[in-house]
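In: fold the following for me, if possible:
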Amino acid sequence: MTLPAFTPAQKPATAVIRGVLWMSLAACLLGLVSLLAREAARFLPPFEVAFFRNLAQLLLMLPWLILVGWRAVKTQRPWAHVRRSLFGIAAMLTWFSVVTMMPIAEATALSFSAPLFTTAGAALFFRETVGFRRWAATLVGFAGVLIILRPGFHDIETAQLLALMAAVFIAGAMLSNKSLARTESPNAMVLWMGLFMTMFSFPPAVMVWVWPEATIAWFWIGGLGVVATGAHLAINRAFASADASLVAPFGFVQIPFIALVGFWAYGEMPDLWTWIGAGIIVASGVYIGQREARRAQTLAVPSG
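Out: Numbering: from 1, shown residues only. Below you'll find the predicted structure:
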């Protein structure tokens, strides 16, 4: 697989390395989010964990908002932010439930099918032209999902289906991000996401509300908010440092990282089929990302 054309004049080597390091850091932080969510869910229902995670992110963004003022985040597309946040909260509520029900590494591998659903969604709902190679890579990626699930060899668990459902919601959020990124700044997107997702996660949290009896629960909740916010900021830094097609593949560092964390914290070891399926999903996702980057570069070249 070859990378898109790249010249030092466009992005210095140091900037590319910086982008790769930021994305690798973001991947590890996102892995820790799953661990912290599972630990917090020992004391609180997953829906309540999601609310506190969003509230923490919003509070962490307030000092920046005070510094730059509302004008910096003014938007003409509030409903687009609402749509993105609805997908985001659906993904989060589902995901925080999933990590309490199945091994974290297997759940993470299934969640990386999101780019496959994104490709299908772009073609079906946004009328985006998807060539034969991207469709083929998408089908190969779904074959990787089937290898992990192995239908016919054992019963598919509810948690596995929920992990795939979370991937569908993540894909919806990714498609919404794609649209918003044309007009909105990254920091504005994170702030509006935090605001709306805090609002949307409050009603389901109230329905199952309990006050944690153990003080350590607040440590997990606070850590979850800090780490999740750091992950989003690291992703923004990565994409600001280097081309997305170069840094995005390093997001898959999350799979081996969370496998190590899951083994260390819970003694969970993915089986061979999970590793094979995850490898196929990752390869398909990287290929689709490269094809999309090339397509974007082609469209950006002015004619005549």
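In: and the residue lying closest to Ser179 once chain neighbours are set aside, what element?
Out: In space, and not counting its chain neighbours, Ser179 is closest to Ala80: 6.2 Å by CB to CB, 6 or more residues apart in numbering. Placement of C-beta: from N, CA and C, glycine included. Using DSSP states H and E, Ala80 maps to helix 78-98.
In: what lies in contact with that helix?
Out: Outside of helix 78-98, the residues within contact range by CB atoms under 8 Å, 6 or more residues apart in numbering are 34, 37, 41, 46-47, 49-50, 53-54, 75, 107, 111, 159, 162-163, 165-166, 169-170, 172-173, 176-177, 179-180, 184, 189, 192-193, 196-197, 200-201, 204.
In: out of those, which end up buried?
Out: Buried by 16 or more other CB atoms under 10 Å: 34, 37, 41, 46-47, 49-50, 53-54, 75, 107, 111, 159, 162-163, 165-166, 169-170, 172-173, 176-177, 180, 184, 189, 192-193, 196-197, 200-201, 204, out of the contacts of helix 78-98.
In: right, and the helix or strand after the helix holding Ala80?
Out: helix 104-111.
In: in the very next helix or strand once past that following helix, what's buried?
Out: Per DSSP H and E, helix 104-111 leads on to helix 114-125 as the next helix or strand towards the C-terminus. Using 16+ other CB under 10 Å as the test for burial, helix 114-125 gives Ala114, Pro115, Leu116, Phe117, Thr118, Thr119, Ala120, Gly121, Ala122.
In: one more: stretch 257-264?
Out: Residues of stretch 257-264 classed as buried by neighbour count (16+ other CB under 10 Å): Phe257, Ile258, Ala259, Val261, Gly262.
In: so what does the host helix or strand of the fourth one touch, helix or strand wise?
Out: Okay, so that is Val261. Assessed by DSSP H and E, Val261 sits inside helix 254-266. Applying 3 or more CB pairs under 8 Å, 6 or more residues apart in numbering; DSSP states H and E, one finds that helix 254-266 contacts helix 13-40, helix 104-111.
In: how close does the closest residue to Arg237 other than its chain neighbours sit to Val247?
Out: The shortest distance from Arg237 to any non-neighbouring residue, by CB to CB, 6+ apart, is to Trp22 (4.4 Å). Distance of Trp22 to Val247, computed by CB to CB, to the nearest Å: 7 Å.
In: who touches both of those two?
Out: Ala238, Ser241.
In: before we move on, back to that, which one of the buried residues of stretch 257-264 sits closest to Asp271?
Out: Closest approach to Asp271 among these (CB to CB): Ala259, at 11.2 Å.
In: hmm, that closest one is touching Ala265, no?
Out: No: the pair Ala259 / Ala265 is not scored as a contact, 11.2 Å apart, by CB atoms under 8 Å.
In: just to revisit the earlier point, inside helices: which ones of the buried ones among the contacts of helix 78-98?
Out: Using DSSP state H, the subset of these located in helices is 34, 37, 46-47, 49-50, 53-54, 107, 111, 159, 162-163, 165-166, 169-170, 172-173, 176-177, 180, 189, 192-193, 196-197, 200-201, 204.
In: what sits up against stretch 46-59?
Out: Contacting residues not belonging to stretch 46-59 are listed as 37, 40-41, 44, 89, 92-93, 96-97, 100, 190-191, 194-195, 197-198, 201-202, 204-205, 207-210, 221-222, 224-226, 228-229, 232 [CB under 8 Å, 6+ apart].
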